[in-house]
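>>> Fold the following, please.
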Amino acid sequence: MTQHDLQAYDPSAYPPMAVTVDLVLMSVVEGQLTVLLQRRDQPPFAGVQALPGGFVGPAEGLDEAAARVLSSKAGFGGKQAWLEQLYTFGSPARDPRMRIVSVAYFALLPAGELAEAVAAGQGLVQMPLGAMEDVLAFDHAGIVALAHERLKGKLDYVPLAFALLPALFTLRDLQDVHEAILGKPLNKPAFRRRMLDSGWIEPTGEREVETAFRPAELYRCVAEGPRV
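Below you'll find the predicted structure:
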């Protein structure tokens with residue numbers, strides 16, 4: 001901003017505005033991609049399902065605010081999660097209270113950890129994308145849709161699917177996660193060959209237990225991704 005711009009700036013010409021963060025917390029449960037939602041207890045949209053979110057504090061960075069919401073509203077304090085900035089949503093009409101710009105993040109969590117958060121939290125629910133309510137608060141339906149597209153688009157070149165799995169997993173588990181995200185079956189031999197050639201996983205020499213089928217070999221992820 002130039003000196004001329006500073007002199008011409010009139011604060012009264014600009015309405016107040018705020019910045020929020022909204023989190024799309026995804027997991028795969030029983031073969032379905034799910035999103036964590038929270039029923040709003042205050043207007044606007046009181047009683048309507050929404051993404052966990054909150055206002056960014058005046059001395060707080062965006063990533064700090066996202067980590068705080070992940071901990072305080074979604075119950076993931078002290079746990080690691082894949083957390084990535086998704087997009088900035090700034091339509092003037094997206095919030096009836098005032099001009100509010102939302103920076104959306106998506107987080108990926110194993111099913112067991114997400115289930116613990118739902119059990120411990122108030123008003124939290126896991127909802128499969130296929131059963132998503134037609135109307136979510138604000139523009140959250142569009143945020144969820146964009147997060148799903150981002151997730152599908154990055155599967156082939158970013159090791160983010162492993163954030164949806166426990167530390168040890170089978171190749172069958174890994175394929176189930178990919179199929180849930182993509183919404184379609186994958187060719188088993190081709191998928192396994194691609195994963196083994198990716199350099200993202202390594203065999204542990206262990207096998208799964210308590211299975212009705214022949215115990216499959218267990219693998220671990222050796223690739224790194226953004227975590228908080």
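
>>> make it CA atoms for all contacts and neighbour counts henceforth
OK.

>>> And this structure, what are its domain boundaries?
Domain assignment for the chain by automatic domain parsing gives 11-154, 161-221.

>>> Just give me the longest strand of this structure.
Secondary structure of the chain read by DSSP state E shows that its longest strand is strand 17-29.

>>> Quick check: buried residues in that strand?
Across strand 17-29, burial judged by 16 or more other Cα atoms under 10 Å covers 19, 20, 21, 22, 23, 24, 25, 26, 27, 28, 29.

>>> Turn these into CSV, columns for distance to residue 224 and pLDDT.
Listed next are these as CSV, based on distance: Cα to Cα, whole Å; pLDDT from 0 to 100:
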residue, distance to residue 224, pLDDT
19, 30, 96
20, 28, 97
21, 25, 97
22, 24, 96
23, 21, 94
24, 21, 95
25, 19, 92
26, 19, 93
27, 19, 93
28, 20, 95
29, 23, 93
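
>>> which of those residues lies closest to residue 210?
Nearest to residue 210 among these, counting by Cα to Cα, is residue 29 at 19.4 Å.

>>> What sits closest to the closest one if chain neighbours are left out?
Spatially, and ignoring its direct neighbours in sequence, residue 29 is nearest to residue 111 (5.8 Å; Cα to Cα, 6 or more residues apart in numbering).

>>> show me what contacts the one you found?
By Cα atoms under 8 Å, 6 or more residues apart in numbering, the contact list for residue 111 reads 27, 28, 29, 164, 165.

>>> List of residues touching stretch 41-60?
Outside stretch 41-60, the residues that touch it by Cα under 8 Å, 6+ apart are 18-24, 36-40, 62, 65-66, 69-70, 73-74, 96-97, 136-138, 140.
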